[in-house]
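Engineer: coordinates only, no sequence provided:
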């Protein structure tokens, strides 16, 4: 669970106990006011969220008790060499490598592949905006296929159940109710400020921004798209931020596809998962458990709950 200046990781260990790691957060925006400007703040948030998410994954593995199993494992010569060369644990280095690989695959499938496939059509279609729409449709199709496939994996299904618990907890808080399992249970697993909706907005904004790029050189277009990704993320952040603060019917209509997409990325959680989400929220908010009655919410909470 992440608040503006504090975050908490809640993990249920194999013995059933919930352990929590709460810490203060600092941002470059606190040191450099210019980074709080619109669009720029979204770019900073995008990068910082990636870094925080990566560190949270490593920390949650330790908290869940998996670290004990790792300590009993005898490292190979290759792993010892990595540790000697980098001065870090081999598993930390491999986790970083996995993150870089994941980002590389994301760029390959969501940036490079759609551009190459659409580039094959430029001999017949000369309008760059039409080509951009086709490229965006291909990217969206790849994204939807990816989501549908990963929902078949049991471990991912549990992640999506925790995702639903996150949203129910935040809904409960925003509606001013006491934070407990029975109160949170009745709320929806869908939330307008979800990261899934953000990804969909990124794709739509990307179609508009990338339509200004030339198709004369597909490789150069791909490079420019990668360089413009932080800007696209910044604009998308402002749209989500604005949409979360308005109740205009037209805005709800525009954000409706993002809510429907969450039907793929959220599941109904069980009571134990709701307990973990609530515990993470309480720690991130920095309030005592006896004081977890509803309060006004500024819409700045994000949940990051994990399970072993």
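Structural biologist: Received, thanks. Only a predicted model underlies this, so the values are computations on that prediction, with no experimental measurement involved.

Engineer: what is the neighbour count of the spatially closest residue to residue 34 that is not a sequence neighbour?
Structural biologist: Distances taken as C-beta to C-beta, 6 or more residues apart in numbering put residue 40 closest to residue 34, at 6.9 Å, once the chain neighbours are dropped. Glycine gets a C-beta too; all of them are placed from N, C-alpha and C. Number of residues near residue 40 (other C-beta atoms under 10 Å) recorded here: 17.

Engineer: quick check: residue 40 vs residue 268, distance?
Structural biologist: Applying C-beta to C-beta, to the nearest Å, the value for residue 40 to residue 268 is 38 Å.

Engineer: avg pLDDT for stretch 122-138?
Structural biologist: For stretch 122-138, the mean pLDDT works out to 91.

Engineer: again but with stretch 217-225, I slipped
Structural biologist: The average pLDDT for stretch 217-225 rounds to 91.

Engineer: ok, the helix or strand hosting residue 22: who's next to it in the sheet?
Structural biologist: Using DSSP states H and E, residue 22 falls within strand 18-24. Strand 18-24 has the following strand partners under DSSP bridges: strand 6-12 (antiparallel).

Engineer: mind listing what's buried along the partner strand?
Structural biologist: 7, 8, 9, 10, 11, 12 (16 or more other C-beta atoms under 10 Å).

Engineer: re earlier: which other residues reach the strand holding residue 22?
Structural biologist: With C-beta atoms under 8 Å, 6 or more residues apart in numbering as the test, strand 18-24 has contacts from 5-13, 59, 63, 275-276, 279-280, 283-284, 286.

Engineer: change it to 10 Å
Structural biologist: By C-beta atoms under 10 Å, 6 or more residues apart in numbering, the residues outside strand 18-24 that reach it are 1, 3, 5-13, 56, 59-60, 62-65, 272, 275-276, 278-280, 282-286, 307-308.

Engineer: OK, contacts around residue 156?
Structural biologist: Counted by C-beta under 10 Å, 6+ apart, residue 156 has contacts 147, 149, 150, 265, 267.

Engineer: show me where the stretch 1-150 of the chain has helices.
Structural biologist: Using DSSP state H, counting those that start in this stretch, the helices assigned to the stretch 1-150 of the chain run over residues 28-31, 40-63, 66-72, 77-86, 90-107, 113-119, 128-150.

Engineer: counting by contacts, list what the first one packs against.
Structural biologist: Right, helix 28-31. helix 40-63 (3 or more C-beta pairs under 10 Å, 6 or more residues apart in numbering; DSSP states H and E).

Engineer: average pLDDT across the helix it packs on?
Structural biologist: Mean per-residue pLDDT for helix 40-63: 79.

Engineer: all set now, cheers.
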